[in-house]
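Novice: Take this sequence and fold it.
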Amino acid sequence: MAPTVLVIDDDFALTELYSFSLKRQGFEVLVAHGGEEGIALTKESKPDVLLVDLMMPGTSGWDVIREVRTFSDVPILVLSAVVDSTQVMKALDLGATDYLVKPTPDATLVARLNRLTRQARITRKSTGTP
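Specialist: Model prediction:
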């Protein structure tokens with residue numbers, strides 16, 4: 001079964017690009033165009049990994065991380081144009097699993113997503129969590 005990635009980003013062009021690219025690499029892809037929608041889809045669909053932008057109007061990526069961590073340990077890969085080290089630390093401290101800076105080569109993004117989904121499956125298997 002292909003791993004499911006939930007892309008949470010307010011930029012429609014980028015979500016289209018990520019969706020196309022990740023599907024070509026064998027992922028199932030869900031898309032949310034804002035933080036609230038992303039949180040709801042995370043609860044509803046239980047994806048294998050989240051790909052989250054930080055800078056979104058309304059419910060930001062930081063808010064998404066904070067809220068998702070109240071109900072899930074799904075791996076969260078932040079993909080953001082924010083390069084300030086204090087902001088990167090903030091995202092990781094809130095519970096993001098990994099962080100990449102936009103733009104990121106497809107091969108790097110896919111490698112990180114594969115690593116995160118592999119680690120999550122190993123953890124679920126060792127703890128007996130479905």
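
Novice: Need the three-state assignment for residue 57.
Specialist: Here residue 57 is recorded as coil under DSSP: H, G, I helix; E, B strand; the rest coil.

Novice: which other residues reach stretch 106-119?
Specialist: Stretch 106-119 has contacts (CB atoms under 8 Å, 6 or more residues apart in numbering) with 3, 5, 18, 21-22, 25, 27, 48-49, 51, 75, 77, 79, 97-98, 100. Using the backbone N, CA and C atoms, a C-beta is placed for each residue, glycine as well.

Novice: And stretch 17-33, by the same measure?
Specialist: 2-10, 12, 15, 38, 40-41, 45, 47, 51, 106, 109-110, 113.

Novice: filter the residues you listed to the buried ones?
Specialist: 3, 5-10, 15, 38, 41, 47, 51, 109-110, 113 (16 or more other CB atoms under 10 Å).

Novice: need the longest helix for the chain.
Specialist: In the chain, assigned by DSSP state H, the helix with the most residues is helix 106-127.

Novice: that older thread, now, the buried ones among the contacts of stretch 17-33 that are in strands?
Specialist: Per DSSP state E, strands hold the following members of these: 5-8, 51.

Novice: gap between the least confident helix or strand in the chain by mean pLDDT and the chain center?
Specialist: For the chain, counting by mean pLDDT, DSSP states H and E, helix 106-127 ranks last in confidence among helices and strands (a mean of 85). A distance of 12 Å separates the centroid of the chain from that of helix 106-127, by CA atoms, centre = their mean, to the nearest Å.

Novice: re the thing from before, buried sites along the longest helix of the chain?
Specialist: Applying 16+ other CB under 10 Å to helix 106-127 flags 109-110, 112-113, 116-117, 120 as buried.

Novice: And for stretch 59-66?
Specialist: 59-65.

Novice: if I look at the closest residue in space to residue 54 that isn't next to it in sequence, how far off is residue 25?
Specialist: Residue nearest to residue 54 in three dimensions, not counting chain neighbours: residue 61, with 3.5 Å by CB to CB, 6 or more residues apart in numbering. Distance check for residue 61 against residue 25: by CB to CB, to the nearest Å, it reads 23 Å.
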